[in-house]
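*Asks:* My questions concern the predicted model and sequence given below.
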Amino acid sequence: MNSLDKLMLELDKIHGVSGDEDRVVDYLKEELGAHVDEHYGDALGNYVFVKKGSNPDLKLMLSAHMDEIGFIVSYIDEKGFVTFLPVGYHDSRMVINQVLAIHTEKGIVKGVTGAKPAHIVTEDEAKRAIPMEDLYIDLGTKNKAETLALGVNVGDYITFDRDGQFLNGGKVYTGKSVDNRSGCAVMAEVMKRLAGKDIAATVYGVASVQEEVGLRGAGPAAFAIEPDVALAIDVCLSGGTPALEERMMPIELGGGPAIMFYDWTPSSGHGNNVPKRLTRRLVQVAEKANIPYQREAVLNGGTDAWAISLAGKGALTGCISLPSRYIHSATGFIHMDDLEHAVQLILAFIESYQERL
């Protein structure tokens, strides 16, 4: 197993809902500590790995968010059943019939999401997704006292309990938190391969927090770093399935990382119109090095790039996207060739970055 495959598999195993990313930090510190010049955390929980360049005034930031979507315990009823709230955006259709892990002070407690049996749902109920407020977690306990005795309390975070795997011995990986542990794997591999290289810019590899609940971590990190240029590393929607027309989702799994040109969420205003001087350079770098890439322009997306671009005095910010099917579910898909080519593209961009664009 190569380094990137190992990073993906091991990062995906870790549980880390928004606001509870410390276990991911611990892993990255162990993996990267010996490969960088310095590393440190901030008050919000972001963690920064630094590779010094020959020009200390030239700063380049990479940002991959550590958090995964999950849930949080909101109520325990007298019969011991657990009610929960979403942490991050979920499709309610994906939440039923799941084994979930509740992270208590005593350790992990497992349960299953339950609802009415199919035999007794009404015709109208059968036509719609079960609202999340109608779901509950069954721990197999008889009453509230037994549930509390397991250590479960309001405020405990909850994650999907599912082991990731490389499907059928191939290069497609499926796991509970490919959004965005795949981005973390790419960022970590880039920082590893930079060790020993002579580069002009000082590179700040940021493992950011709380992206899934409003892009909260990367902005404060960028405010402190004040990068001249930055790249977010995150997943993007990939099609190629019978359920989707190509024009709706043209990014292909295995077709190479996507260079983001534009994303915007009209309802919130989040988004990033990436300045042309940055997308041109990324395209030039990819084509010169014969690295496969795709071009991305989407609505209703959002990454750390938005928060970074507006932090402090602002920063020239883009995004390298990793094609993924079935995001925001327990079965996200990625192709390892896309991750490897993303690593190559980012490294080539860093090595080409000799002065401000």
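*Replies:* Arrived safely, thanks for sending. Numbering: from 1, shown residues only.

*Asks:* Any idea how many residues pack against the residue lying closest to residue 67 once chain neighbours are set aside?
*Replies:* The spatially closest residue to residue 67, leaving aside those adjacent along the chain, is residue 18, at 4.0 Å (C-beta to C-beta, 6 or more residues apart in numbering). All C-beta atoms are positioned from the backbone trio N, CA, C, and that covers glycine. Other residues lying near residue 18 total 24 when counted by other C-beta atoms under 10 Å.

*Asks:* Mind giving me the packing neighbours of the helix or strand where residue 350 lies?
*Replies:* Counting by DSSP states H and E, the element that carries residue 350 is helix 336-352. Counting contacts by 3 or more C-beta pairs under 8 Å, 6 or more residues apart in numbering; DSSP states H and E, helix 336-352 packs against helix 3-13, helix 178-194, strand 229-237, helix 276-288, strand 316-324.

*Asks:* from the chain's centre, how far out does the strand or helix carrying residue 305 sit?
*Replies:* Residue 305 is part of helix 304-309, with elements assigned from DSSP H and E. The chain centre lies 14 Å from the centre of helix 304-309; the measure is C-alpha atoms, centre = their mean, to the nearest Å.

*Asks:* now stretch 163-183
*Replies:* 12 Å.

*Asks:* which residues touch it?
*Replies:* If you take C-beta atoms under 8 Å, 6 or more residues apart in numbering as the criterion, stretch 163-183 is touched by 5, 8-9, 11-14, 16, 24, 64-69, 159-162, 211, 232-235, 253-254, 322, 324, 326-328, 330-337, 339.

*Asks:* hmm, which of the residues you listed are the buried ones?
*Replies:* The neighbour count (16 or more other C-beta atoms under 10 Å) marks 5, 8-9, 11-14, 16, 24, 64-69, 159-162, 211, 232-235, 253-254, 322, 324, 326-328, 330, 332-337, 339 as buried among the contacts of stretch 163-183.

*Asks:* Any regions of the protein where pLDDT drops low?
*Replies:* Of all residues in the chain, none has pLDDT under 70.

*Asks:* Show me how it divides into domains.
*Replies:* 3-68+176-352, 70-160 (automatic domain parsing).

*Asks:* Return the most buried member of those.
*Replies:* Compared across the domains of the chain, domain 3-68+176-352 shows the largest average neighbour count, a mean of 20 (mean count of other C-beta atoms under 10 Å).

*Asks:* Over to it now: how far is its first residue from its last?
*Replies:* Length of domain 3-68+176-352, first residue to last, C-alpha to C-alpha, to the nearest Å: 24 Å.

*Asks:* swap in stretch 332-341?
*Replies:* 19 Å.

*Asks:* Next: stretch 47-63.
*Replies:* One end of stretch 47-63 to the other measures 10 Å (C-alpha to C-alpha).

*Asks:* Quick one: distance of stretch 155-162 to the chain centre.
*Replies:* Worked out by C-alpha atoms, centre = their mean, stretch 155-162 lies 16 Å from the chain centre.

*Asks:* Partner strands of the lengthiest strand in the chain, with direction?
*Replies:* Longest strand in the chain, counting residues (DSSP state E): strand 55-65. Strand 55-65 has the following strand partners under DSSP bridges: strand 201-208 (parallel), strand 229-237 (parallel).

*Asks:* which other residues reach stretch 233-250?
*Replies:* 62-65, 178-180, 182-183, 186-187, 211, 251-253, 258, 260, 296, 298, 301, 303-304, 319-325, 327, 332-334, 342, 346.

*Asks:* mind redoing it with 6 Å?
*Replies:* Residues outside stretch 233-250 that contact it (C-beta atoms under 6 Å, 6 or more residues apart in numbering): 64, 179-180, 183, 186-187, 251-253, 258, 296, 303, 320-325, 327.

*Asks:* Likewise for stretch 98-117?
*Replies:* Counting by C-beta under 6 Å, 6+ apart, residues outside stretch 98-117 touching it are 95-96, 130, 135-139, 150-152, 156-159, 161.

*Asks:* Quickly check those for the two that are furthest apart.
*Replies:* Greatest spatial distance among the contacts of stretch 98-117 (C-beta to C-beta): 130 and 151, at 27.4 Å.

*Asks:* and stretch 116-132, C-alpha only, in CSV?
*Replies:* The C-alpha atoms that make up stretch 116-132 are tabulated as CSV, following Å, rounded to 0.1, in the frame of the first residue of the first chain:
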residue,chain,number,x,y,z
LYS,A,116,-41.9,2.8,11.5
PRO,A,117,-41.6,-0.6,9.9
ALA,A,118,-42.5,-0.6,6.2
HIS,A,119,-45.6,-2.8,6.9
ILE,A,120,-47.5,0.1,8.7
VAL,A,121,-46.4,3.2,6.8
THR,A,122,-49.2,5.1,5.1
GLU,A,123,-49.3,5.5,1.3
ASP,A,124,-48.4,9.1,1.7
GLU,A,125,-45.5,8.3,4.1
ALA,A,126,-44.1,5.8,1.6
LYS,A,127,-43.7,8.5,-1.0
ARG,A,128,-41.4,10.8,1.0
ALA,A,129,-38.2,10.7,3.0
ILE,A,130,-38.6,10.3,6.7
PRO,A,131,-37.9,13.6,8.3
MET,A,132,-34.9,13.5,10.6
